[in-house]
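Colleague: What follows is a protein structure lacking sequence information:
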């Protein structure tokens with residue numbers, strides 16, 4: 001009868017096999033891995049939290065120095081919108097010239113509309129716009145007074161809001177060609193809550209006094225604000 005065979009225990013070989021198995025298992029995340037993952041998660045959350053808003057810009061006065069006219073004021077304001085906290089300017093319309101409303105004894109206006117993406121609340125965004133108007137020398141002397149810069153929050157996604165000092169959509173935007181025409185230019189499929197698609201609103205208003213600003217200086221300024 002042949003002698004029974006025994007299996008010899010080889011510590012070195014078994015240890016090497018165990019090490020190979022352990023190497024194949026995912027180890028605990030490093031601090032760098034955690035930081036990268038957290039940054040990616042925060043970026044995704046921030047992107048998902050951004051909303052689209054539309055701002056109307058208007059000016060019919062230059063700055064206090066007299067060096068910048070209304071066209072330059074609008075160009076500077078477009079650049080400033082890009083610098084608002086938690087905000088990115090996405091696109092803006094061409095410039096348009098329109099007659100003043102209400103108080104006729106003043107220069108024509110230069111108008112535009114900008115689209116932004118922001119994490120600011122509607123109230124926070126409104127306060128930033130008011131502060132920007134003040135920095136541009138805005139003085140509220142009387143209703144429909146001339147202004148160095150006028151900024152109106154038109155839309156904040158599809159939000160409908162009625163609060164003291166802030167109504168969304170802007171309560172008069174659907175009656176203003178100097179708002180509807182530039183807004184249609186950059187957002188032709190947008191719907192205005194309570195009023196419907198912009199394409200159905202824009203033709204209903206007289207646009208005969210609204211003129212595109214086409215001269216070279218305006219084109220160069222818009223390229224700088226793009």
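Modeller: Perfect, thanks for sending it. Just so it is clear, the model here is predicted, and its values are computed rather than measured. Numbering: from 1, shown residues only.
Colleague: need the contact list for residue 99.
Modeller: When contacts are counted by Cβ atoms under 8 Å, 6 or more residues apart in numbering, residue 99 touches 108-109, 209. Bear in mind the C-beta positions are built from the backbone N, C-alpha and C, glycine included.
Colleague: Just want to check the distance between it and residue 172.
Modeller: According to Cβ to Cβ, to the nearest Å, residue 99 and residue 172 sit 16 Å apart.
Colleague: so what does the one helix or strand residue 72 maps to touch, helix or strand wise?
Modeller: Per DSSP states H and E, residue 72 falls inside helix 70-81. When contacts are defined as 3 or more Cβ pairs under 8 Å, 6 or more residues apart in numbering; DSSP states H and E, helix 70-81 sits against strand 51-59, strand 87-92, strand 109-118, helix 122-135, helix 216-225.
Colleague: for these, which one sits closest to residue 190?
Modeller: strand 51-59 (7.9 Å; Cβ to Cβ).
Colleague: Quick one: residues in contact with that closest one.
Modeller: By Cβ under 8 Å, 6+ apart, the surrounding residues in contact with strand 51-59 are 70, 73-74, 77-78, 81, 90, 109-119, 125, 129, 147-157, 170, 173, 178-179, 182-183, 187, 190.
Colleague: Just the buried ones from the residues you listed?
Modeller: Among these, those scoring as buried are 70, 73-74, 77-78, 81, 109-116, 118, 125, 129, 147-156, 170, 173, 178-179, 182-183, 187, 190 (criterion: 16 or more other Cβ atoms under 10 Å).
Colleague: In JSON lines, list the helices and strands packed on helix 70-81 along with distance to residue 163 and mean pLDDT.
Modeller: Listed next are the helices and strands packed on helix 70-81 as JSON lines, based on distance: least, Cβ to Cβ, whole Å; pLDDT from 0 to 100:
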{"stretch": "strand 51-59", "distance to residue 163": "16", "mean pLDDT": "98"}
{"stretch": "strand 87-92", "distance to residue 163": "20", "mean pLDDT": "95"}
{"stretch": "strand 109-118", "distance to residue 163": "18", "mean pLDDT": "97"}
{"stretch": "helix 122-135", "distance to residue 163": "8", "mean pLDDT": "96"}
{"stretch": "helix 216-225", "distance to residue 163": "31", "mean pLDDT": "54"}
